[in-house]
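1. Requesting a structural model of the entry that follows:
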Amino acid sequence: MWVERFESSAKSLISQREMQSKVSSVSEQQDMMLREAEKQNSQLQAMVTHYKTIIEETVSWKYYFKGSVPLSGEVCRGASL
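-> Numbering: from 1, shown residues only. Here you go, the predicted structure:
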């Protein structure tokens, strides 16, 4: 009967929409997690750059007090703190 087919089609459509809604929600959560990870990565890279600068300055001072200053590229290569 047409009522049963209509009911079946309606249930199927509702089920599909619920599934799309769940997929959309998961996708939004993944996008949010990706943005957060990218933000955190950027902050960590900035910290690494900052600490590399501190290490280079420290090594430069070490050579300064020893009386020999290395060339710019030699500051961190093979130097022990």
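2. what helix or strand does Ala10 sit in?
-> helix 2-66 (DSSP states H and E).
3. Could I get the average pLDDT for that helix?
-> Taken as a whole, helix 2-66 carries a mean pLDDT of 87.
4. how many other residues sit next to Lys29?
-> Quick fix: residue 29 reads Gln, not Lys. 10 (other Cβ atoms under 10 Å). Bear in mind the C-beta positions are built from the backbone N, C-alpha and C, glycine included.
5. Oh, that last question was meant for Ser60, not what I typed.
-> 16.
6. Then Glu18?
-> Glu18: 10 neighbours (other Cβ under 10 Å).
7. Okay, it and Leu44: tell me how far apart.
-> 39 Å (Cβ to Cβ, to the nearest Å).
8. Then Val23?
-> Counting by Cβ to Cβ, the gap from Val23 to Leu44 is 31 Å.
9. what's the answer for Lys52, then?
-> In this structure, Lys52 and Leu44 are 13 Å apart, going by Cβ to Cβ.
10. Check Met1 too.
-> For Met1 relative to Leu44 (Cβ to Cβ), the value is 64 Å.
11. between those two, which one's more packed in?
-> Shown here are Met1 and Leu44; by other Cβ under 10 Å, Leu44 has more neighbours (10 against 6).
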